[in-house]
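A.B. asks: The following block contains a protein sequence and its predicted model.
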Amino acid sequence: MAPTTKTEFHLDANGLPMSGSRWRHHSGRVYVVLMVTNEASDRQDKFPTTAVYQGENGKRWSRPVSEFLEKMTPEA
């Protein structure tokens, strides 16, 4: 059996961040994924799959999943 990584517990079978998973931004701030939107879009150029997430201060943010995964690392 292959070893598991933290990322495997933070991504679903499609490689998208799971709701409720915790991630650390390269700045050190921690965020929780609230939902992923537009995953069924057939116009990814106009409506990209987006992660919606919330910081510990309560502010909510969103960005395309590809950018989210570049900037964030899974939190234990």
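C.D. replies: Nice, I can see it. Numbering: from 1, shown residues only.

A.B. asks: who does the biggest strand by length in the chain touch, helix- and strand-wise?
C.D. replies: For the chain, the strand that runs over the most residues, judged by DSSP state E, is strand 30-37. Contacts defined by 3 or more Cβ pairs under 8 Å, 6 or more residues apart in numbering; DSSP states H and E place strand 30-37 against strand 22-25, strand 50-55, strand 60-64. Bear in mind the C-beta positions are built from the backbone N, C-alpha and C, glycine included.

A.B. asks: most tightly surrounded among those?
C.D. replies: strand 50-55 (a mean of 18; mean count of other Cβ atoms under 10 Å).

A.B. asks: circling back to that earlier point, what is the mean pLDDT for the longest strand of the chain?
C.D. replies: Across strand 30-37, pLDDT averages out at 97.

A.B. asks: That strand relative to strand 60-64, how many degrees between them?
C.D. replies: Calculated by axes from the mean of the first three to the mean of the last three Cα atoms, to 10 degrees, strand 30-37 forms an angle of 60 degrees with strand 60-64.

A.B. asks: what angle do strand 30-37 and strand 50-55 make?
C.D. replies: Going by the same axes, to 10 degrees, strand 30-37 makes 150 degrees with strand 50-55.

A.B. asks: sorry, back to before: now for the helices and strands packed on strand 30-37, which one comes closest to Asn14?
C.D. replies: strand 50-55 (12.7 Å; Cβ to Cβ).

A.B. asks: gap between that closest one and the chain center?
C.D. replies: 7 Å (Cα atoms, centre = their mean, to the nearest Å).

A.B. asks: what residue lies at the spatial centre of the chain?
C.D. replies: Among the residues of the chain, Pro17 comes closest to the average C-alpha position under Cα atoms, centre = their mean, at 3.9 Å.
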